[in-house]
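Student: sequence below, structure please.
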Amino acid sequence: MNFRSYLILMTLGTLTAWVSWLVVVYGIDPSRSGMLGFFLFYLTLSMLSFGTISLLGLIFRFWRLEKELSSRITYRAFRQAILLTVIFIASLILLSQGWFRWWTMILIVIIAAFVELAFISTKRT
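Tutor: Here you go, the predicted structure:
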């Protein structure tokens, strides 16, 4: 898959995730749907945040790093979008359960930083 087709598919997927999240927010009553409504909410929210962060990271990196390979920029933006989405969704779930504290957020960010550090330290030649 070339870069242009990846960018088109990622943009279409992100737009679809935005539309599906809006359908879930405006169309599902959480008091009647139970766990399925919350699952669909968090699933669509994670898809839209992953796609949006990935595309914004990709655009920002192309604007800043013009001489780097597009595959490396895409891989880095994809990886960091996954980490930021996990941080975002985990903090929202903790907040909804009443378990969100400053030290839990610091712990989540430290774990994500170590994961990113592990990816950075294993550079491919």
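
Student: would you mind checking which helix or strand in the protein has the lowest mean pLDDT?
Tutor: helix 30-33 (a mean of 85; mean pLDDT, DSSP states H and E).

Student: pLDDT weak spots in this protein?
Tutor: 124-125 (pLDDT under 70).

Student: could I get the full set of strands for it?
Tutor: Using DSSP state E, the chain contains no strands.

Student: relative to E68, how far out is the residue most central in space within it?
Tutor: Among the residues of the chain, the one closest to the centroid is F50, at 2.5 Å (C-alpha atoms, centre = their mean). Distance of F50 to E68, computed by C-beta to C-beta, to the nearest Å: 22 Å. Using the backbone N, CA and C atoms, a C-beta is placed for each residue, glycine as well.

Student: settle this for me: V115 is touching L84, isn't it.
Tutor: No - taking C-beta atoms under 8 Å as the definition, V115 is not a contact partner of L84, at 11.5 Å.

Student: more neighbours: the two, which one.
Tutor: L84 (17 against 14; other C-beta atoms under 10 Å).

Student: burial of L65, as a residue count?
Tutor: When neighbours are counted by other C-beta under 10 Å, L65 registers 13.
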